[in-house]
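S.K.: Take this sequence and fold it.
(one chain, ligands or ions: 2)
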Amino acid sequence: MARLPAGALMQRAAAGLAAACADALPRVYGSRVTLLTGSGDNGADTLYAGARLARRGASVTAVLLAPDRTHPEALKTLLRAGGTTATATDAAPLLQHADLVLDGIVGIGGKGGLRPEATHLAGLLAASPATVVAVDLPSGIEPDTGEVHGTAVRADLTITFGTHKPGLLIDPARAYAGSVRLIDIGLAATLPHTPALESLQHADIAALLPRPTGESDKYRRGVVGIAAGSTRYPGAAVLAVAGALRGGAGAVRYVGAATDAVLARFPETLISHTGPKKAGRVQAWVAGPGAADDPAPVAEALATDVPVLLDADGLRLADRDTVRTRKAPTLLTPHAGEAAALLGISREEVEAARLTAVRELARRYDATVLLKGSTTLIAAPDPDTPVRVNATGTPWLATAGSGDVLSGLAGSLLAAGLSPLDAASAAAYLHGLAGRYAADGAPTSAHDVAEAIPRAWRDITT
Ligand SMILES: NC(=O)C1=CN([C@@H]2O[C@H](COP(=O)(O)OP(=O)(O)OC[C@H]3O[C@@H](n4cnc5c(N)ncnc54)[C@H](O)[C@@H]3O)[C@@H](O)[C@H]2O)[C@@H](O)CC1
Ligand SMILES: [K+]
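M.R.: Residues are numbered from 1 along each chain as shown. Ligands and ions are numbered 1, 2, ... in the order given. The predicted structure is shown next:
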C-alpha cells in the first residue's frame, strides 16, 4: 500500500467488484441494488462499487451500520453518483425488494462473529430473494480458519481481493461463500512466500503423479500392501484394492481374511497368506479398512520400516505411542468422528474447527493427517508446512466404502514414492474428481468412484 497512491488498491477492488456485480445482473440500468455497509474498508469497497453501478443507471441504496463512522470519501462518491442512504431500521423492505445485495458489513477485519445489528440484517437477507454478493468474504465467517461463530451472511457469489482467504476454502465457512471469484489487485509480490493454506490445481497434481519410464518394472513402480477386510467386512478389502490398482503402484499385495472376495474381483492381486511382517516386498502399507477387531495386522504394518497409511478401524486399533515414535512416515486418514476419537473431543468440535483439528492431530501423532470432509484438509507433522485443502470433493462421495477406495489410492501413491503429504493431496484430488464424474448429479457407489479414477488421472495429465 505504501508503494501505491492512496486508495489505489481499493479502487482496483471496487472496479472488479462492480464488474462482477454487473455480470450477475440481467441488466444494470434500472436494477435495484442494496449495499450493507460497515464502518471499515470493506464497507468502503462496497460504496465505491455501488457508485460505479449507480453511474450505470442502477438505483443504489446504502444501509449504513455505523452512520457516523462510514468511510467519508467513499460515501461522498456514492452520493455524488446518485446513490442514497438508509439506516438499519429501514433495511427490511430494501433487502426484500432488491435485485442484488452487496454484503460489505465486514471483511478481513471482522473477528468473533457478527454483532447483534449485523446479525439481524443477515437474518433479513436470508429471507430475501435477492442475489447476494459477498465483498471479500461473507461477513461473520472467521477469515483465517473457516470457523463460523453464530450467524453469518450466506452469499451466492463472493468476490475476493488479492488472494483467497482460508475461510473461503474450509468448511463450515466455505459453504457460506457460494461461488468464489478472485480479483487480482496486484498484491502477488507482497504475499508471503509460505502461505498458511494451499489448494492444489490440475497442473500441481499432474506434476506429482508418478509416470512409468522405459526402465520401470512392477517392483520399481512400487508394491502397495493392503492389510484390510475381515470375514465380517470383506468388501472393504475389495474397495481398497480397487483404489490401489488405480494409484500408480506396479502391484498390489493383499493380506487378510478376504482373499477369495479380492481374487474373485481382481485376479491381478498378489496374495500373501501371512501378516504384513512376512508378506514379502512392499513399499507402503495400508492398514485398517474393514479390519473389524483384529489389531495384529495393524501392529505388524506399523512395525515395518516403510510408510504406513492407517484408516478406519486401523485408527482405533493402532497403538498410539507406536504411531508417534515410528521412524518411517505414517499417514492417518480419519473422518471427523475418527478424528474426534483420536483427539478426545466431540465430532461437533472437530467439524466446527477443522483447521485446528487437523493441525493438532498432525502435531500430536507426529504424522501426516488427511481429515476427510466436504473440504478435505491435509497437514504435515511440521507445523510450518502449509496445510493443503482439497477443492474437488462432492457431497455424493459421502457413500459407504468411498473411504476404502481413497485409502487404497493414497497407499498406492505412497508406494510409488510420493511423500505422505503429496500422496494424500493427489489421492484426495483424484478421488474427488472421480466422485464428480461417477456421480454426475446422481447417487453413485464407491465401486463407481474407483472405476472413474483413470478418467480423472487422464484429465489431469493430458
Ligand atoms: N488490506 C488491503 O490491502 C485492502 C483491503 N481492502 C478491503 O478492506 C477490508 C478490510 O478492511 P478493514 O481492515 O477496515 O476491516 P473491515 O472493514 O473488514 O472491518 C473492520 C470494521 O468492522 C467493524 N467490525 C469488526 N468486527 C465486527 C463484527 N463482528 N460485526 C460488526 N462489525 C465489526 C470494526 O469496528 C471495524 O470498523 C478487506 O476485507 C477488503 O474488503 C480492499 O480495499 C483492498 C485492499
Ligand atoms: K463482507
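
S.K.: can you list the residues of the protein near ligand 2?
M.R.: 103, 135, 139 (CB under 5 Å from the ion). In short, each C-beta sits where N, CA and C put it, glycine included.

S.K.: now, which of those lie close to ligand 1?
M.R.: Val135 (CB under 6 Å from any ligand atom).

S.K.: Stretch 76-88 and ligand 1, any residue contact?
M.R.: No. Legend: contact between stretch 76-88 and ligand 1 by CB under 6 Å from any ligand atom is lacking; minimum distance shown is 11.3 Å.

S.K.: got the CA coordinates for that stretch in CSV?
M.R.: The C-alpha coordinates for stretch 76-88 follow below in CSV (Å, rounded to 0.1, in the frame of the first residue of the first chain):
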residue,chain,number,x,y,z
LYS,A,76,-19.4,11.1,-0.8
THR,A,77,-18.6,9.3,-4.0
LEU,A,78,-21.8,7.2,-3.8
LEU,A,79,-24.0,10.2,-3.1
ARG,A,80,-22.4,12.2,-6.0
ALA,A,81,-23.2,9.2,-8.3
GLY,A,82,-26.8,9.5,-7.3
GLY,A,83,-26.9,6.8,-4.6
THR,A,84,-28.9,7.2,-1.4
THR,A,85,-28.5,6.1,2.2
ALA,A,86,-30.7,4.4,4.8
THR,A,87,-30.3,3.2,8.4
ALA,A,88,-30.5,-0.4,9.6
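
S.K.: Adding neighbour count and secondary structure as columns, could you present the residues of the chain next to ligand 2 in TSV?
M.R.: Formatted as TSV, the residues of the chain next to ligand 2 follow (neighbours: other CB atoms under 10 Å; DSSP: H, G, I helix; E, B strand; the rest coil):
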residue	neighbour count	secondary structure
Asp103	31	strand
Val135	32	strand
Ser139	30	coil
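
S.K.: Tell me the one among the residues of the chain next to ligand 2 nearest to Ala188.
M.R.: Val135 (20.6 Å; CB to CB).

S.K.: Let me know whether the closest one touches Val153 as I believe.
M.R.: No. Using CB atoms under 8 Å, Val135 makes no contact with Val153, being 9.9 Å away.

S.K.: Show me what the helix or strand of the chain with the lowest mean pLDDT is in contact with.
M.R.: The weakest-scoring helix or strand in the chain, judged by mean pLDDT, DSSP states H and E, is helix 218-221 (a mean of 81). By CB atoms under 8 Å, 6 or more residues apart in numbering, the residues outside helix 218-221 that reach it are 210, 212, 248-251, 281, 416.

S.K.: re the thing from before, can you list residues touching both of Val135 and Val153?
M.R.: Common neighbours of Val135 and Val153 (CB under 8 Å, 6+ apart) are Asp103.

S.K.: Restricting the selection to alpha carbons, write stretch 22-29 to PDB.
M.R.: This file holds the C-alpha atoms of stretch 22-29, laid out as PDB (Å, rounded to 0.1, in the frame of the first residue of the first chain):
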ATOM      1  CA  ALA A  22     -22.800  -6.200 -13.500                       C
ATOM      2  CA  ASP A  23     -22.200  -9.800 -14.700                       C
ATOM      3  CA  ALA A  24     -24.600 -11.100 -12.000                       C
ATOM      4  CA  LEU A  25     -27.400  -8.800 -13.100                       C
ATOM      5  CA  PRO A  26     -29.600  -9.300 -16.200                       C
ATOM      6  CA  ARG A  27     -29.000  -5.500 -16.800                       C
ATOM      7  CA  VAL A  28     -27.500  -2.800 -14.600                       C
ATOM      8  CA  TYR A  29     -29.700   0.000 -15.800                       C
END
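
S.K.: Sort out which residues of that stretch are buried, please.
M.R.: In terms of neighbour count (16 or more other CB atoms under 10 Å), stretch 22-29 has its buried residues at 22, 24-25, 28.

S.K.: Out of the residues you listed, which sit inside helices?
M.R.: Mapping the buried residues of stretch 22-29 onto helices (DSSP state H) picks out 22, 24.

S.K.: closest to ligand 1 among the buried residues of stretch 22-29?
M.R.: Distances from ligand 1 to those, taken as CB to the nearest ligand atom, are shortest for Ala24 (17.7 Å).

S.K.: which residues touch the nearest residue to Thr392 once chain neighbours are set aside?
M.R.: Nearest non-adjacent residue to Thr392, counting by CB to CB, 6 or more residues apart in numbering: Gly432, 3.0 Å away. The contact partners of Gly432, taken as CB under 8 Å, 6+ apart, are 376, 390-394, 397.

S.K.: Of all pairs in the buried residues of stretch 22-29, which one is the farthest apart?
M.R.: Within these, two members stand farthest from each other by CB to CB: Ala24 and Val28, at 9.9 Å.

S.K.: how distant is the strand or helix carrying His431 from the center of its chain?
M.R.: Taking DSSP states H and E as the criterion, His431 maps to helix 420-439. Relative to its chain's centre, helix 420-439 lies at 12 Å (CA atoms, centre = their mean, to the nearest Å).

S.K.: got the phi/psi numbers for the residue with the largest distance to the centre of the chain?
M.R.: Ranked by distance from the centre of the chain (CA atoms, centre = their mean), the top residue is Arg80, with 42.3 Å. The phi/psi pair for Arg80 (degrees, to the nearest 10) reads phi -60, psi -30.

S.K.: what's the answer for Thr84, then?
M.R.: phi -130, psi 170.

S.K.: Neighbours of it, how many?
M.R.: Look at Thr84: counted by other CB atoms under 10 Å, it has 12 neighbours.

S.K.: about what we covered before: PyMOL command to pick out the buried ones of the contacts of Gly432?
M.R.: Buried subset of the contacts of Gly432, written as a PyMOL selection, criterion 16+ other CB under 10 Å:
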select buried, resi 376+390+391+392+393+394+397
